[in-house]
Each structure stands twice: as structure tokens, then as C-alpha cells.
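Student: What shape does this take:
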Amino acid sequence: FDGKVMTTRESARAGESWRRGPLVLAWSDTLGGIANPRDGRNVILHEFAHKLDEQDGVMDGAPELAPGQRRTWPAIFSREFASLQQAVSGRYATLMDAYGASSPPEFFAVAVETFFERPASMRREHPELYAELCGWFRLDPAAWPR
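Tutor: Below you'll find the model as predicted:
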């Protein structure tokens, strides 16, 4: 990577995580993401979640998992992803950003944003998903003082 980015068309992007490459963040979106740490949107968390996801060699919405999570993660994430897709297509309000319904990798990234920015709400509305993320990160952000 030579530090240059070339595109053939103009498009607005908050961030990008290139496979085995750089992570790119739009400064305005970075500042916006940290301005309100409880809105569920944070491009830093989102793009780093993609980097975590690809650590096993595939960006598929399932990062490298411990043996115990290999049994529980797929069913919980599939069910939660389908639920978000259904809610978004029905135009229902959702805790997680609707962008997460676009693909499993985006679902994982949006879930990570919600996990850190709105943990108490996620624990209440999506307890199994929250528990999986607690186990994977070995953190419980809902228990942190706010």
C-alpha cells in the first residue's frame, strides 16, 4: 500500500476496512461517532469490528471463535440477523442500525457498535446476542458505570 487511494467514481463513505489492508476513516464521521457515545453509531468501532471479523481469514460476520462459541454463535447470530432483516423490511424501529441487515459482516459490525454504545438496551432487547458478544470480548459493558 503506497498511501494513495484511487477511485473511479465519487461516493461518500464513513469508513472502509480493506481485506488484509488499511482501515480508512472519514474524520468528520470519526468525530461524530465519538461526540455521542450512546447513540449506537461509531465508525471506529464499526470498522475495527470488520478487522476483528477477518482475523480468521474470512469476513463473514463470525470472527475467530473459541470452541464453545462455535456451537452457539451461528444459531444466535443467524436468528438475530434474520430478525433485523425482517424488522427493517417491515420498517419497524430497531435498536441496531438498519445497515446491519445488509449482510452478515455488516450485522456483526453494527452489533459491535450497539454492544459498546448501548449495552444496557442490547442486553434487554437482545439478551442472547449480548451474551455471545460478552463471551467473545470477555467484557460486560452494561456493567460499566455510565
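
Student: The nearest residue in space to Leu84 that is not next to it in sequence and Val88, how far apart?
Tutor: Nearest non-adjacent residue to Leu84, counting by Cβ to Cβ, 6 or more residues apart in numbering: Ala101, 4.7 Å away. All C-beta spots, glycine's among them, are computed from the backbone N, C-alpha and C. Distance, Ala101 to Val88, by Cβ to Cβ, to the nearest Å: 4 Å.

Student: More neighbours: which of the two?
Tutor: Taking neighbours as other Cβ atoms under 10 Å, Ala101 and Val88 compare with Ala101 leading, 20 against 17.

Student: quick one: secondary structure of that one?
Tutor: Look at Ala101: counting by DSSP: H, G, I helix; E, B strand; the rest coil, its state is helix.

Student: contacting residues around it?
Tutor: 81, 84-85, 87-89, 107 (Cβ atoms under 8 Å, 6 or more residues apart in numbering).

Student: cutoff 6 Å now
Tutor: Applying Cβ atoms under 6 Å, 6 or more residues apart in numbering, we find Ala101 in contact with 84-85, 88.

Student: circling back to that earlier point, per-residue pLDDT, the residue nearest to Leu84?
Tutor: The model reports Ala101 with a pLDDT of 98.
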